[in-house]
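Trainee: I'll drop the sequence and a predicted model, then ask my questions.
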Amino acid sequence: MATETLTLGKALNTGLRRALENDPKVVIMGEDVGKLGGVFRITDGLQKDFGDQRVIDTPLAESGIIGTAVGLAIRGFRPVCEIQFDGFVYPAYDQIVSQVAKMHYRSQGKVRIPMVIRIPYGGGIGAVEHHSESPEAYFAHTAGLKVVTCANPQDAYVMIQQAIASDDPIVFLEPKRRYWEKGPVDLDAPLADAYPLHSARVARPGTDATVLAYGPMVRTALDAATAAAEDGRELEVVDLRTLSPLDLTAAYESVKRTGRCVVVHEAPGNLGLGSEVAARITEECFYSLESPVLRVTGFDIPYPAARVEEEYLPDLDRVLDAVDRTFGW
Amino acid sequence: MAKGDPGGATRSKRAAPRTRRAAATGEPELVQLLTPEGERIETALGPDGTEYRVDFTDEEYRGLYRDLVLVRKLDAEATALQRQGELGLWASLLGQEAAQVGSGRALRAQDMAFPTYREHGVLYCRGIDPIMPLGLFRGVDQGGWDPNEFKFNMYTIVIGAQTLHATGYAMGVAMDGKTGGEDGEAVIAYFGDGATSQGDVNESFVWASVFNAPLVFFCQNNQYAISEPLERQTRVPLYRRAGGFGFPGVRVDGNDVLASYAVTRHALDTARNGQGPSLIEAYTYRMGAHTTSDDPTRYRIASEVEAWQAKDPIARMKAFLLKQQIVNESFFAEIDEQARAESVHLRERVLNMPDPQPVSMFDHVYPHGSAELDEQRARFSQYMESFEGSAH
């Protein structure tokens, strides 16, 4: 029983169920999260078991979802809001940036907003426009918010529970194209003993170059590392997991050993997370670097039509190409 | 203070009772219990036939008058402080005292209020030290009171955003099973005429309606959103918007503290009894500028301001108290003296408000701190210390 093989989506569903069981103040709210179980079925079965006061189908307005969740949080609830797709979060942007993020600061610590904003994000599922975006930098840039993203079922199960238990407002980004990927999940390990939420983790040890990735790109980076190993090059892959605050402890340690670093994300490169990561690694590891920190990212264009998204998204070959370039310096 | 209930036993009348029905068509369709001339109207009928009345003791009438005068005086002091460079900005409530004191005194202790940035009168009624908002406008903090302690949320400057917070809070009240009966809880959301154009306000109308939230939407229609007149926000009277969302709306004379009290008390009690939200449009006028940064002479004419001057909320209450012989000769002088003393006290305390320590700007970003910010704070402190002993 302890360890089961679950999809990432089912792991999230199970984690949400645990959170609802463990704390009567946890409420799930969003569009279609009730009977339908969410368009990706992440809340499947939860309204049936916990009732429509705990799992709330909301009117179809994102600012309303987040704004009313602020009020619920002030009242003492722990709202877990689902934004149906990345591209639909922007109507709620004002509430998130001006209200959710600042409430604790403005009140000098008197008001907490322990809210989780779940957003399925990223491309690769052949969707129409507004369904494949990577808005993480907007939120990571906002003080007062925390931003995390999971890359595998085990982390999905644990991190969603940690985020809900946290007193911070947290944007929880779910790599939607990985919802159906399976992996082992230890369902019985106590949450208190779990790996800390705001910590990066080495996903694959290596010695020759460091690849930093998060969310949907961790799988891509791991695939690249497997391919590189066949060519005799050992890549260390670090799963960043937490985008705000960034935890680059493992990255610094790794880069100081390897001397080479590639950062990978789907979001456009200009002012993306990779820019901040590259700057910090340059500051911290300057004398260890054999080449500049390189970024492998989406292009600086609106997310393109689905038939060309494979070319837009970083893939194994683009990661390996960047690794090669760090060796050519 | 005033705890009388609308619809309670009728006190001995000193004036002939009158009943006035808010007109179904035409303007101004106001629920009014005290005319600008200070005449009492015993009962006023709302558009849905609700009878509004108040039953105050003489002491309670005097208390309302005291509130109105104090709130105006403290507001004037804040305006003066801004003009003297002691505040960065001030958003005056001048002209809106009755709407704020009437609704503020209608709140029961357990009710929660969500203000904009102009509800200094409601803040006063909630028992919050009037120095508190001055910290925000002086720039020494971003609001200092504990919303849960005083049941009065922080000021919200983004127009309309707080109506959603109020709605969510009210949903939480219902989820906590705190509606129904005298001790039920209700929530009030303050906003202005300009805010009614905001998506957040309309979304909060939808939410409150479909979740039957114990909420009162209290719109102070002061006729202007900075420079833009009401006609730029709406083509229907604002209170009628409620009908489209599925809850009752009523327009009250916002310069009449008695009617503002009666209408708000009724709406709050309806909400606390689990009968859902309602909208109150308090029809009033912003006698001053939007804020001290504004120049209203650029967009409105003096005769309009003069017409509203004749509807002054304090003058009519004073006329009423005199006509009904509820006060003696010395009463007004006593109140004026109390207001003067409190404003002097307020001024002294504002002038003595210390600037925050620069390093404190790093505090309270996150509930449990942040290693990154600790590092930034330490570096900043070190940098600041490097100037010690220098001329700077």
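Mentor: Okay, I see it.
Trainee: Skipping its backbone neighbours, what lies nearest the closest residue to chain A within the stretch 1-150 of chain B in space?
Mentor: Minimum separation of the stretch 1-150 of chain B from chain A (C-beta to the nearest C-beta) falls at residue B:142, amounting to 4.1 Å. Quick note: C-beta positions are derived from backbone N, CA and C, even for glycine. Nearest in space to residue B:142, with sequence neighbours left out and distances taken as C-beta to C-beta, 6 or more residues apart in numbering or on different chains, is residue A:106 at 4.1 Å.
Trainee: residues touching the residue in the stretch 151-300 of chain A that chain B sits nearest to, list them.
Mentor: Across the stretch 151-300 of chain A, no residue is closer to chain B than residue A:167, which sits at 4.2 Å (C-beta to the nearest C-beta). By C-beta atoms under 8 Å, 6 or more residues apart in numbering or on different chains, the contact set of residue A:167 is A:112, A:114, B:367-368.
Trainee: ok, now with 6 Å
Mentor: Residues near residue A:167 by C-beta atoms under 6 Å, 6 or more residues apart in numbering or on different chains: A:112, A:114, B:367.
Trainee: Please report the distance of the second one from residue A:80.
Mentor: Which is residue A:114. Using C-beta to C-beta, to the nearest Å, one gets 10 Å for the distance from residue A:114 to residue A:80.
Trainee: And the pLDDT at residue 226?
Mentor: Since you didn't name a chain, this refers to chain A. On pLDDT, residue A:226 comes in at 98.
Trainee: um, chain B though
Mentor: On the pLDDT scale, residue B:226 gets 96.
Trainee: Spatially nearest residue to it (excluding sequence neighbours)?
Mentor: residue B:290 (4.4 Å).
Trainee: same deal with residue B:204?
Mentor: residue B:163 (3.9 Å).
Trainee: residue contacts, the one you found?
Mentor: By C-beta under 6 Å, 6+ apart, the neighbours of residue B:163 are B:189, B:191, B:200-201, B:204.
Trainee: can you give me the helices for the chain?
Mentor: Just so you know, I chose chain A. A:8-22, A:46-50, A:62-75, A:93-94, A:103-106, A:136-140, A:153-165, A:216-230, A:249-258, A:273-285, A:309-312, A:316-327 (DSSP state H).
Trainee: Not quite, go with chain B.
Mentor: B:58-83, B:97-106, B:120-125, B:131-138, B:147-150, B:161-175, B:199-210, B:241-245, B:257-272, B:302-309, B:313-323, B:331-351, B:371-385.
Trainee: Point out the residues in the stretch 101-250 of chain B that sit beside chain A.
Mentor: Residues of the stretch 101-250 of chain B lying near chain A by C-beta under 6 Å from any C-beta of the partner chain: B:142-143, B:146-147, B:154, B:158, B:161, B:164-165, B:167-169, B:172, B:175, B:200, B:203, B:206-207.
Trainee: filter those residues to the buried ones?
Mentor: B:142-143, B:147, B:154, B:158, B:161, B:164-165, B:167-169, B:172, B:175, B:200, B:203, B:206-207 (16 or more other C-beta atoms under 10 Å in any protein chain shown).
Trainee: Enumerate the residues of the stretch 101-250 of chain A near chain B.
Mentor: A:104-112, A:143-144, A:167-168, A:245.
Trainee: Phi, psi for the closest residue to residue B:291 other than its chain neighbours please.
Mentor: Counting by C-beta to C-beta, 6+ apart, residue B:91 is the residue found nearest to residue B:291 once chain neighbours are left out, at 4.7 Å. Main-chain dihedrals, residue B:91, degrees, to the nearest 10: phi -110, psi 100.
Trainee: Can you get me a residue count around residue B:91?
Mentor: 25 (other C-beta atoms under 10 Å in any protein chain shown).
Trainee: where's it relative to residue B:284, distance?
Mentor: 15 Å.
Trainee: Ok, residue A:218 next?
Mentor: Distance, residue A:218 to residue B:284, using C-beta to C-beta: 58 Å.
Trainee: Just give the number of residues close to residue B:328.
Mentor: 8.
Trainee: Also residue B:43?
Mentor: Neighbour tally, residue B:43, other C-beta under 10 Å: 18.
Trainee: does it have beta-bridge partners, and which?
Mentor: Beta bridges link residue B:43 to residue B:19, judged by DSSP bridges.
Trainee: Would you agree it is in contact with residue B:55?
Mentor: No: when contacts are counted by C-beta atoms under 6 Å, residue B:43 is not listed as touching residue B:55 (10.9 Å).
Trainee: just to revisit the earlier point, what's the distance between the residue nearest to residue B:226 and residue B:89?
Mentor: Counting by C-beta to C-beta, the gap from residue B:290 to residue B:89 is 10 Å.
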